[in-house]
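A.B. asks: Predicted structure and sequence below. I'll ask about it afterward.
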Amino acid sequence: MIAVIDYGMGNLGSVNNALKRLGQESSSSSDPELILAADRVILPGVGAFEDAMKNLRERGLDQCIKEVVARQTPLLGICLGLQLLFDESHEHGLHQGLGIIPGQVRRFDIDLKVPHMGWSDIEINPASRLFKGIDNGSYFYFVHSFYVQPEDPAVAAATCDYGLRFTCAIEKGNLFATQFHPEKSGDKGIEILKNFLSLHA
């Protein structure tokens, strides 16, 4: 069973619909016990970093997510769900994240339009399991004003260029996350979800 974490800020419908296309049963939940019992966990997210962390803490889901990672249960963060995994974000002040991946979340300081919205091609780390079978230079759908800056560049599963080159996907052990929305990225996005579902815990 796949648990999609519901903390009041996720695009749950589109994620569950994409999983349904793959014939995969999923359940949106804010219950830590159900989430910890799942075979795989997805952390979606749309909105402000500070509000998201507040909602996670109020529901006890911050510790639940850390326990999921500690148990080596495959976890996939999407969009804001990627950013929340980091130490801190500079969105509207400085706010503490989950601290699972060392690094920062920073706003684009570029000459291009922000937010970065629409389809962009990515450069894939050939060792990535999440992008197995997906061509380098494939396009995915982005909507974001902030990007992650990991301390360890080795966690980058893919990068994207939008005024600067930034990490758009991370991979570390059982932990995976994308800045783009695989559930809104057509067939290539579905392939990423399929790869996530096929990973061994």
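C.D. replies: Cool, got the structure.
A.B. asks: Please state the offset of the host helix or strand of Phe176 from the chain centre?
C.D. replies: According to DSSP states H and E, Phe176 maps onto strand 175-178. How far strand 175-178 lies from its chain's middle: 5 Å, per C-alpha atoms, centre = their mean, to the nearest Å.
A.B. asks: Report the backbone C-alpha coordinates of it in CSV.
C.D. replies: Extracted in CSV, the C-alpha atoms of strand 175-178 (Å, rounded to 0.1, in the frame of the first residue of the first chain):
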residue,chain,number,x,y,z
LEU,A,175,14.9,8.7,-0.1
PHE,A,176,13.8,10.3,-3.4
ALA,A,177,12.4,13.7,-4.3
THR,A,178,11.7,15.9,-7.3
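A.B. asks: Remind me what it packs against, helices and strands.
C.D. replies: Applying 3 or more C-beta pairs under 8 Å, 6 or more residues apart in numbering; DSSP states H and E, one finds that strand 175-178 makes contact with strand 75-78, helix 80-83, strand 165-172. In this view, the C-beta of every residue, glycine as well, is placed from N, C-alpha and C.
A.B. asks: Please name the nearest non-neighbouring residue to the residue located most distally from the centre of the chain.
C.D. replies: In the chain, counting by C-alpha atoms, centre = their mean, Asp111 sits farthest out from the average C-alpha position, at 25.8 Å. The shortest distance from Asp111 to any non-neighbouring residue, by C-beta to C-beta, 6 or more residues apart in numbering, is to Gly163 (6.4 Å).
A.B. asks: Contacts only, for that neighbour.
C.D. replies: In this structure, Gly163 makes contact with 108, 110-112, judged by C-beta atoms under 8 Å, 6 or more residues apart in numbering.
A.B. asks: Which members of those are classed as buried?
C.D. replies: Among the contacts of Gly163, those scoring as buried are Phe108 (criterion: 16 or more other C-beta atoms under 10 Å).
A.B. asks: With secondary structure and pLDDT as extra columns, can I get the contacts of Gly163 in CSV?
C.D. replies: What follows is the contacts of Gly163, written out as CSV (DSSP: H, G, I helix; E, B strand; the rest coil; pLDDT from 0 to 100):
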residue, secondary structure, pLDDT
Phe108, coil, 97
Ile110, coil, 97
Asp111, coil, 96
Leu112, coil, 96
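A.B. asks: Pick out whichever of the contacts of Gly163 sits closest to Val143.
C.D. replies: Phe108 (12.5 Å; C-beta to C-beta).
A.B. asks: and the nearest residue to that closest one once chain neighbours are set aside, how many neighbours?
C.D. replies: Distances taken as C-beta to C-beta, 6+ apart place Val114 nearest to Phe108, at 4.7 Å, with adjacent residues excluded. By the criterion of other C-beta atoms under 10 Å, Val114 has 15 neighbours.
A.B. asks: List the contacts of Val114.
C.D. replies: 107-108, 145.
A.B. asks: Can you pull out the low-pLDDT segments for the chain?
C.D. replies: Under the criterion pLDDT under 70, the flagged ranges of the chain are 200-201.
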